[in-house]
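[1] Have a look at this prediction, sequence included:
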Amino acid sequence: MTLEQYREHIAEIINTVGLHHNLFSDLEGLENELEFLNVFEFYSETLELNHDYGIAPTFLFFINSDTINARAGRSVNNQFLLGINRGTINWLIDNFKSNKTLVSDNNILLFDSLNPYLDTSLNNLMYQAGCHYTFYHEMAHLIQQSDYLELNMEENPQPIDVFDFDRHLLEIDADTFSALCLGTHIMQYSEKLFGENVSKVLVEALIILFSIPIILYLLSFDGNRVEIYYRESTHPHPAIRLTNFLMVLTHYCNGVLHGKGLGFTVNQGDMFLEAMRIAEILEQPFFGCETVAAYRVSVTENRPAVMHYLTELVEANDSLITTATYKWNLKQSG
């Protein structure tokens with residue numbers, strides 16, 4: 001992918017959809033220009049591979065903003081739009097991809113077992129996990145094809161005057177879809193890396209490695225707050241979203257492990273605690289305060305209520321055939 005090809009793509013969006021050119025980030029001269037082009041090429045190909053969800057064509061682009069956010073939308077002419085803020089990619093690059101000593105500087109030993117097998121660095125895998133989560137979450141909103149797409153659904157939570165339960169359903173579904181897609185990447189990568197040497201220790205370490213950037217990413221949105229809430233905002237509380245994401249991710253991975261007859265599965269509770277523990281160790285450069293610790297306390301102190309509301313959301317989504325998760329399951333069974 002070249003800069004000129006990206007610019008031609010943006011010109012096509014402007015001409016076809018009618019959006020103002022100021023919305024789009026010009027990549028020329030950016031410190032991470034090449035990485036932006038690589039990200040654009042990879043996810044453009046991913047969209048092509050998923051055209052059978054009925055979302056083709058989708059116009060992918062980078063938004064001219066240095067904040068952490070992303071959006072999924074549908075134009076008045078019914079074209080699908082998936083935009084990721086320039087600031088989101090830069091944040092993921094700066095905090096993970098370029099932070100080559102993130103793990104070693106904090107004396108985290110859990111991942112030592114992975115090092116003999118890895119074909120890339122730990123920090124690069126964490127970067128990829130953050131990118132995947134963001135992209136697949138927004139793609140899920142396109143697959144849902146809800147009426148809210150016309151409003152451009154954004155990832156940064158916003159307060160609202162009148163609570164809308166359907167918005168929470170859509171967000172939990174998008175997180176679930178993203179966890180399933182990320183789980184697919186993890187298990188395929190695990191098979192490639194470990195082969196016959198695969199073990200419970202290695203798979204759990206890999207899942208935890210991919211989970212930590214999701215924790216730190218979700219807690220970085222300006223619209224999030226530590227105090228637990230339920231029927232408020234455009235998005236469920238991060239404690240609820242993280243609980244759901246990690247539950248879905250480990251459940252999916254265990255299903256794959258069981259299907260392969262490997263003789264072991266991973267422990268969901270232990271991995272949740274370990275991922276949160278390591279995220280707390282790493283959180284200082286991200287937040288400058290004990291943000292992760294505060295969320296962990298929120299989950300612990302309010303676990304019955306968190307699980308009750310999450311169960312309500314999941315059961316409500318399970319009754320629908322419009323969710324991205326339902327369509328994902330349908331595609332897998334076909």
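    Yep, it's here.
[2] Would you map the helices across the stretch 101-250 of the chain?
    122-144, 165-194, 200-218, 238-260 (DSSP state H, counting those that start in this stretch).
[3] Just put those in a markdown table and tack on distance to Asn85 and mean pLDDT.
    The way it works is simple: take the backbone N, C-alpha and C, and place the C-beta from them, glycine included. Output for the helices of the stretch 101-250 of the chain, formatted as a markdown table (distance: least, CB to CB, whole Å; pLDDT from 0 to 100):
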| stretch | distance to Asn85 | mean pLDDT |
| --- | --- | --- |
| helix 122-144 | 9 | 97 |
| helix 165-194 | 17 | 97 |
| helix 200-218 | 12 | 96 |
| helix 238-260 | 18 | 95 |
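[4] Columns mean neighbour count and distance to Asn302 on top of those helices, output as TSV?
    Output for the helices of the stretch 101-250 of the chain, formatted as TSV (neighbours: other CB atoms under 10 Å; distance: least, CB to CB, whole Å):
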stretch	mean neighbour count	distance to Asn302
helix 122-144	24	24
helix 165-194	20	16
helix 200-218	22	17
helix 238-260	20	7
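[5] Can you tell me the centre-most residue of this structure?
    Note on the chain: the residue nearest the mean C-alpha position is Tyr133, at 1.8 Å, using CA atoms, centre = their mean.
[6] ok, the closest residue to Asp66 other than its chain neighbours - contacts?
    Among residues not flanking Asp66 along the chain, Gly87 sits closest, at 3.9 Å (CB to CB, 6 or more residues apart in numbering). Listed by CB atoms under 8 Å, 6 or more residues apart in numbering, the contact set of Gly87 reads 65-69.
[7] circling back: with distance to Thr2 added, can I get the helices of the stretch 101-250 of the chain in JSON lines?
    Conversion of the helices of the stretch 101-250 of the chain to JSON lines gives the following (distance: least, CB to CB, whole Å):
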{"stretch": "helix 122-144", "distance to Thr2": "20"}
{"stretch": "helix 165-194", "distance to Thr2": "26"}
{"stretch": "helix 200-218", "distance to Thr2": "29"}
{"stretch": "helix 238-260", "distance to Thr2": "35"}
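[8] Can you report how many residues lie near Leu310?
    For Leu310, the count of nearby residues is 20 (other CB atoms under 10 Å).
[9] Ramachandran coordinates for the spatially closest residue to Asn254 that is not a sequence neighbour?
    Once flanking residues are discounted, Asn254 sits nearest to Thr265: 4.3 Å by CB to CB, 6+ apart. The phi/psi pair for Thr265 (degrees, to the nearest 10) reads phi -130, psi 170.
[10] Hmm, Leu257 and Thr265 touching each other?
    Yes. Applying CB atoms under 8 Å as the test, Thr265 and Leu257 come out as touching, 5.2 Å apart.
[11] do you know how far Thr134 is from Ile281?
    Going from Thr134 to Ile281 by CB to CB, to the nearest Å gives 23 Å.
[12] what's the answer for Leu310, then?
    Leu310 is 26 Å from Ile281, by CB to CB.
[13] rewinding a little: residues contacting the residue nearest to Asn254?
    Contacts for Thr265 (CB under 8 Å, 6+ apart) come out as 200, 254, 257-258.
[14] Over to Leu118?
    125, 193.
[15] go with 7 Å
    Residues near Leu118 by CB atoms under 7 Å, 6 or more residues apart in numbering: Leu193.
[16] what do you get for the one 4 residues further on?
    Under the criterion of CB under 7 Å, 6+ apart, the contact partners of Leu122 comprise 103, 111, 209.
[17] Tabulate those residues (a markdown table), appending distance to Gly18.
    Output for the contacts of Leu122, formatted as a markdown table (distance: CB to CB, whole Å):
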| residue | distance to Gly18 |
| --- | --- |
| Val103 | 46 |
| Phe111 | 48 |
| Leu209 | 42 |
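[18] Which strands or helices does the lowest-mean-pLDDT helix or strand in the chain pack on?
    Sorting the helices and strands of the chain by mean pLDDT, DSSP states H and E puts helix 284-287 at the bottom, at a mean of 83. Applying 3 or more CB pairs under 7 Å, 6 or more residues apart in numbering; DSSP states H and E, one finds that helix 284-287 contacts no other helix or strand.
[19] end-to-end on stretch 65-77?
    When the termini of stretch 65-77 are compared using CA to CA, to the nearest Å, they are 25 Å apart.
[20] Report the mean confidence score over that stretch.
    Across stretch 65-77, pLDDT averages out at 93.
[21] from the contacts of Leu122, which is closest to Asp161?
    Leu209 (40.5 Å; CB to CB).
[22] List the contacts of that closest one.
    Contacts of Leu209 by CB under 7 Å, 6+ apart are 111, 122, 125-126.
[23] rewinding a little: could you dump the contacts of Thr265 into JSON lines and include distance to Leu81?
    Listed next are the contacts of Thr265 as JSON lines, based on distance: CB to CB, whole Å:
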{"residue": "Lys200", "distance to Leu81": "42"}
{"residue": "Asn254", "distance to Leu81": "35"}
{"residue": "Leu257", "distance to Leu81": "37"}
{"residue": "His258", "distance to Leu81": "39"}
